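Asks: Fold the following.
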Amino acid sequence: MHELSVCQALLRQVETIAQEHEASGVEKIVLRIGPLAGVEPRLLQDAFPIARAGTVADGAKLVIEALPLRVRCDSCGAESDAAPNRLLCGACGDWHTRVISGDEMLLASVELLT
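Replies: Below you'll find the model as predicted:
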């Protein structure tokens, strides 16, 4: 399962943050995930309890926030929301667009226990 390895990498990053701040544990982890990030949020939630076992985040809650998919039109310059399977400009309808957000997975915040 791809999401399990993503969780393990995430938890390595969280453990580093906890060590830097001399935290005794982690209470909550907030991730922001776009629809083109290549990660299925539901599967990530399912894999998280397995990955967190025995780590500094053993009792942590994972909160996933959905990021919008936004494109910039090469023809008219407008920025607009788009659907994952329909990356058209919301202003002029052209298909010459570039994704400007929605393909990322960001660690937004970590709530530490002291």
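
Asks: roughly how far apart are Gln45 and Asn85?
Replies: For Gln45, the distance to Asn85 equals 23 Å [Cβ to Cβ, to the nearest Å]. Every residue, glycine included, has its C-beta placed from N, CA and C.

Asks: what's the lengthiest helix in the chain packed up against?
Replies: Criterion DSSP state H: the longest helix present in the chain is helix 2-20. Contacts defined by 3 or more Cβ pairs under 8 Å, 6 or more residues apart in numbering; DSSP states H and E place helix 2-20 against strand 25-33, helix 41-52, strand 105-113.

Asks: looking at those, which is closest to Ile17?
Replies: strand 105-113 (5.4 Å; Cβ to Cβ).

Asks: which parts of that closest one are buried?
Replies: Met105, Val110, Leu112 (16 or more other Cβ atoms under 10 Å).

Asks: Repeat that for stretch 73-82.
Replies: Within stretch 73-82, the residues that count as buried by 16+ other Cβ under 10 Å are Cys73, Glu79, Ser80, Ala82.

Asks: how about the last one, what does it touch?
Replies: Same thing as Ala82. Leu69, Arg70, Val71, Leu88, Gly90, Thr97, Gly102 (Cβ atoms under 8 Å, 6 or more residues apart in numbering).

Asks: Tell me the spacing between it and Trp95.
Replies: 10 Å.

Asks: Please identify every residue contacting each of these two.
Replies: Listed as contacting both Ala82 and Trp95 by Cβ under 8 Å, 6+ apart are Leu88.

Asks: Can you pick out the residue with more neighbours from Gln45 and Asn85?
Replies: Gln45 (15 against 6; other Cβ atoms under 10 Å).

Asks: And Leu62, how far from Glu104?
Replies: Relative to Glu104, Leu62 is positioned 17 Å away (Cβ to Cβ).
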